[in-house]
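Participant: Based on what follows, work out the 3D shape:
(chains A and B)
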Amino acid sequence: KAGVTQTPRYLIKTRGQQVTLSCSPISGHRSVSWYQQTPGQGLQFLFEYFSETQRNKGNFPGRFSGRQFSNSRSEMNVSTLELGDSALYLCASSLGGRKNSPLHFGNGTRLTVT
Amino acid sequence: DAKTTQPNSMESNEEEPVHLPCNHSTISGTDYIHWYRQLPSQGPEYVIHGLTSNVNNRMASLAIAEDRKSSTLILHRATLRDAAVYYCILRNAGGTSYGKLTFGQGTILTVHP
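Facilitator: As a prediction, this is how the structure comes out:
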């Protein structure tokens, strides 16, 4: 069974631009969640989607948004990029139906904002 | 939000048991305790999770205090491949915070040959 796939693996953008990151969950998984990882702040929860609906959100500004498609694939968008948005963005999928089914993480997209 | 506290780092020798502690004094009744580990340049990997009772799987054991304010991840025989950052995470399973995760800073485990 293929794992969680995130594309692209690396991305370089300039301040003010916007970026879209993609996540393909494990087949059969209906929940997708996103996280930001930085050396200073560690792992921080961004949001979680289940069956195309956002069911929880972390404490990030509105520049960070996401969506989930009917095939459970998810995208995350960051608009008006700032230098502080440079981070590793991780996506995780889970069955979702069982409330505490384990999360399966992808290897992330490394975003650098210059 | 319920927080977790872990030691910044721990060291162990290969083939010896490792006990990784985590404090979560503000845990709620609907928070599950999850452990994940992360190797360099990889996403976190699920290790184990539990609610109230101790749990065992092929990777590790999870010991949960009776008052649930702390827990310990036990690696029975550390190998060099166990060297990673270990995260203790509270995962809410009820109310409006369903699915919201709270991360600790993680413990860097070094395993010596």
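Participant: Stretch B:26-40 near chain A at all?
Facilitator: Yes: using Cβ under 8 Å from any Cβ of the partner chain, stretch B:26-40 comes into contact with chain A via B:Tyr32, B:His34, B:Tyr36. Heads up, the C-betas are built off the backbone N, CA and C, glycines and all.
Participant: right, and out of those residues, which lies closest to chain A?
Facilitator: Proximity of the residues of stretch B:26-40 next to chain A to chain A (Cβ to the nearest Cβ) peaks at B:Tyr32, which lies at 4.6 Å.
Participant: for the closest one, what are its contacts?
Facilitator: Contact partners of B:Tyr32, counting by Cβ atoms under 8 Å, 6 or more residues apart in numbering or on different chains, are A:Asn100, B:His49, B:Gly50, B:Leu51, B:Leu90, B:Arg91, B:Asn92, B:Ala93.
Participant: Which secondary structure element is home to the fifth one?
Facilitator: What it means is B:Leu90. Following DSSP states H and E, one finds B:Leu90 within strand B:84-92.
Participant: starting at the chain centroid, how far to that strand?
Facilitator: Mean-position distance between strand B:84-92 and its chain equals 5 Å (Cα atoms, centre = their mean, to the nearest Å).
Participant: helices and strands around that strand, which ones?
Facilitator: strand B:18-23, strand B:31-38, strand B:70-75, strand B:101-103, strand B:107-112 (3 or more Cβ pairs under 8 Å, 6 or more residues apart in numbering or on different chains; DSSP states H and E).
Participant: quick one: it to strand B:18-23, angle?
Facilitator: Strand B:84-92 and strand B:18-23 meet at an angle of 40 degrees, taking axes from the mean of the first three to the mean of the last three Cα atoms, to 10 degrees as the criterion.
Participant: List the neighbouring strands of strand B:84-92 plus their orientation.
Facilitator: Using DSSP bridges, the strands paired with strand B:84-92 are strand B:31-38 (antiparallel), strand B:101-103 (antiparallel), strand B:107-112 (antiparallel).
Participant: Report the rounded mean pLDDT for it.
Facilitator: Taken as a whole, strand B:84-92 carries a mean pLDDT of 90.
Participant: again, but for stretch A:42-55
Facilitator: 91.
Participant: any bit of it sitting next to chain B?
Facilitator: Yes: contact of stretch A:42-55 with chain B (Cβ under 8 Å from any Cβ) involves A:Gly42, A:Leu43, A:Gln44, A:Phe45, A:Glu48, A:Phe50, A:Arg55.
Participant: Show me the shaky parts of chain A.
Facilitator: A:1, A:97-99 (pLDDT under 70).
Participant: What are the boundaries of the strands in it?
Facilitator: Applying DSSP state E to chain A gives strands spanning A:5-7, A:10-13, A:19-24, A:31-38, A:42-50, A:53-57, A:64-68, A:74-78, A:87-94, A:104-105, A:109-113.
Participant: now these in CSV, with mean neighbour count?
Facilitator: As requested, the strands of chain A are exported to CSV (neighbours: other Cβ atoms under 10 Å in any protein chain shown):
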stretch, mean neighbour count
strand A:5-7, 17
strand A:10-13, 13
strand A:19-24, 19
strand A:31-38, 23
strand A:42-50, 22
strand A:53-57, 14
strand A:64-68, 19
strand A:74-78, 21
strand A:87-94, 24
strand A:104-105, 22
strand A:109-113, 18
